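Chemist: sequence plus predicted model, see below.
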Amino acid sequence: MAESKKIEKAAFAAGCFWGVEAEFRRQKGVVETAVGYMGGHTEHPMYEDVCDGVTGHAETVYIEYDPAVISYEKLLDAFWSLHDPTTLNRQGPDVGSQYRSVIFCFSPDQKKAARASKDALAKSGKYKAEITTEIIPAKPFWRAEEYHQRYFEKTGKQVC
């Protein structure tokens with residue numbers, strides 16, 4: 001009988017989800033990604049409502065990964081490298097709470113690792129400003145409309 005892989009999940013919000021998803025898809029050990037919305041108060045949010053800021057959701061990348069190939073800590077390293085965690089509700093030209101920096105934790109171990117990673121980054125001196133990234137329990141993930149999935153692959157665009 002073949003040994004089955006243990007797949008774990010992670011979720012991160014770091015601005016426009018198209019580029020964040022593309023970068024996580026490049027990580028060896030990431031077996032699946034989806035873009036969508038997490039952390040809000042509306043069920044089944046639609047992109048236009050999330051963009052208008054009325055649902056409270058953040059544009060989020062949901063990840064399934066093989067921890068035998070990539071650790072959660074390596075995913076955290078990738079997350080920090082993909083955005084500026086000191087800008088509250090903003091990434092580059094994108095402004096609004098839907099672009100906030102969030103680590104959504106699926107377990108106490110993820111929460112502990114996320115806090116340790118954030119603390120280490122804060123102490124590193126890389127940023128002069130305070131790191132505003134939220135570390136909160138995972139909420140329901142609402143998959144975005146299909147045209148958002150693997151957007152860069154579908155369109156050939158490389159910027160949000």
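Modeler: Okay, I see it.
Chemist: contacts and neighbour counts: CA atoms only from here.
Modeler: Will do.
Chemist: grab the longest helix from this structure for me.
Modeler: helix 108-124 (DSSP state H).
Chemist: which other helices and strands contact that one?
Modeler: Helices and strands touching helix 108-124, by 3 or more C-alpha pairs under 8 Å, 6 or more residues apart in numbering; DSSP states H and E, are helix 72-81, strand 134-137.
Chemist: need those in CSV (columns: mean neighbour count, mean pLDDT and distance to H44).
Modeler: Below are the helices and strands packed on helix 108-124 laid out as CSV (neighbours: other C-alpha atoms under 10 Å; pLDDT from 0 to 100; distance: least, C-alpha to C-alpha, whole Å):
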stretch, mean neighbour count, mean pLDDT, distance to H44
helix 72-81, 16, 97, 26
strand 134-137, 16, 98, 19
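Chemist: all strands of this protein, in order?
Modeler: Per DSSP state E, the chain carries strands over the ranges 8-14, 30-38, 58-65, 90-91, 94-95, 101-105, 134-137, 142-143.
Chemist: Serialize these to JSON lines and add fields for distance to C51.
Modeler: Formatted as JSON lines, the strands of the chain follow (distance: least, C-alpha to C-alpha, whole Å):
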{"stretch": "strand 8-14", "distance to C51": "14"}
{"stretch": "strand 30-38", "distance to C51": "11"}
{"stretch": "strand 58-65", "distance to C51": "9"}
{"stretch": "strand 90-91", "distance to C51": "12"}
{"stretch": "strand 94-95", "distance to C51": "10"}
{"stretch": "strand 101-105", "distance to C51": "15"}
{"stretch": "strand 134-137", "distance to C51": "19"}
{"stretch": "strand 142-143", "distance to C51": "14"}
